[in-house]
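Colleague: Pasting the sequence and the predicted coordinates here, then a few questions.
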Amino acid sequence: MKSATFVDNGDHHPMRKLILFDIDGTLLMTGGAGKEAFDRVFSEFYGIEQAWRDIHPDGRTDPSLIVELFEKNLGRRPSSEEMERVSEAYARAMEEALPRSERFRLLPGVVELLDYLADRKIGMLGLATGNFESTAAQKLRHGGLHHYFRFGGYGSDHGVRLELTRAAVERGRSLLGGHLPNEEIILVGDTVHDIDCGRRLDLTTVAVATGSTPRATLEAARPDFVLDSLSPLEEVALIFD
């Protein structure tokens, strides 16, 4: 894993990087809003209570979670029509669940880092998240973070995390108008799934131990950098400058 020495020489070139962030466990915690939303949908549609029990969402995509919920609770995969119906109902339920979540919170250092990156135009900020685009937007708006991000790759693009991450990279490169070396694309996430995608796409990977994955587990996945959190800014900024 790399280390660096902080040198602030004021020499910053606009948009010379892409910086992709995961959402849940990296930028914020919804405090159980997703569980509440999925439980409500499966209760209303299928009469199943506590459908979410024993589901482990870390690093997963919303489409894959819906498939698992069907297989675990109904013993089958959803039809395409059911997938669409449940996805839309989940987004509606999430919009209602977020304001009720007393444990919703932004994670340490997030606002300070995003402000720093945006103000200095170090890179174009995007998302690589398993959330549907609609629910990603809801979470970011609720946390006051939506204005930082111009593009993303989402669970609504693909149910496989590698492919949605690839979509984010392609969109970012297109917005910057052409080729960008892989080492100038930084992926920030809190799970081994994020690290695996970054490594497979040859991106610079930053693991942050603010989710439920222990730091030692993240280190074993061999990201370029491992952080306990996105704070303090003076240390975290070294990676992005």
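Modeller: Everything's here; your move. Numbers count the residues shown, from 1 in each chain.
Colleague: Now do the domain split for the chain, please.
Modeller: Residue ranges for the domains of the chain, per automatic domain parsing: 18-30+105-240, 33-100.
Colleague: would CSV of those domains with mean neighbour count and mean pLDDT be doable?
Modeller: Where C-beta positions appear, they are placed from N, C-alpha and C, glycine not excepted. Listed next are those as CSV, based on neighbours: other CB atoms under 10 Å; pLDDT from 0 to 100:
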stretch, mean neighbour count, mean pLDDT
domain 18-30+105-240, 19, 96
domain 33-100, 17, 96
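Colleague: For the closest residue to residue 192 other than its chain neighbours, give me its contacts.
Modeller: Nearest residue to residue 192, sequence neighbours excluded (CB to CB, 6 or more residues apart in numbering): residue 221, at 4.4 Å. For residue 221, the residues meeting the contact criterion (CB atoms under 8 Å, 6 or more residues apart in numbering) are 192, 195, 196, 199, 207.
Colleague: Name the nearest residue to the third one, sequence neighbours excluded.
Modeller: On the basis of CB to CB, 6+ apart, the spatially nearest residue to residue 196 that is not a chain neighbour turns out to be residue 221, at 6.8 Å.
Colleague: these two touch, right, residue 161 and residue 59?
Modeller: Yes: if you go by CB atoms under 8 Å, residue 161 and residue 59 touch, sitting 6.8 Å apart.
Colleague: any residues in contact with both of those two?
Modeller: Jointly contacting residue 161 and residue 59 under the rule CB under 8 Å, 6+ apart are 130, 193, 194.
Colleague: I'd like the distance between the second one and residue 53.
Modeller: Meaning residue 193. According to CB to CB, to the nearest Å, residue 193 and residue 53 sit 22 Å apart.
Colleague: got the residue ranges for the strands in this structure?
Modeller: Remark: strands assigned in the chain by DSSP state E are 18-21, 28-29, 105-106, 124-128, 151-153, 185-189, 204-208, 225-227.
Colleague: Looking at those strands, spot the one closest to residue 171.
Modeller: Nearest of the strands of the chain to residue 171, taken as CB to CB: strand 151-153 at 4.6 Å.
Colleague: Give the partner strands of that closest one in its sheet and their orientations.
Modeller: Strand 151-153 pairs in its sheet with strand 124-128 (parallel), by DSSP bridges.
Colleague: The biggest helix by length in the chain: how far from the chain's middle?
Modeller: Looking across the chain with DSSP state H, the single longest helix is helix 80-100. Using CA atoms, centre = their mean, to the nearest Å, the distance from the centre of helix 80-100 to the centre of the chain it belongs to is 18 Å.
Colleague: helices and strands around that helix, which ones?
Modeller: helix 33-46, helix 62-74, helix 133-143 (3 or more CB pairs under 8 Å, 6 or more residues apart in numbering; DSSP states H and E).
Colleague: Mind doing that once more with 6 Å?
Modeller: helix 33-46, helix 133-143 (3 or more CB pairs under 6 Å, 6 or more residues apart in numbering; DSSP states H and E).
Colleague: what angle sits between that helix and helix 133-143?
Modeller: 0 degrees (axes from the mean of the first three to the mean of the last three CA atoms, to 10 degrees).
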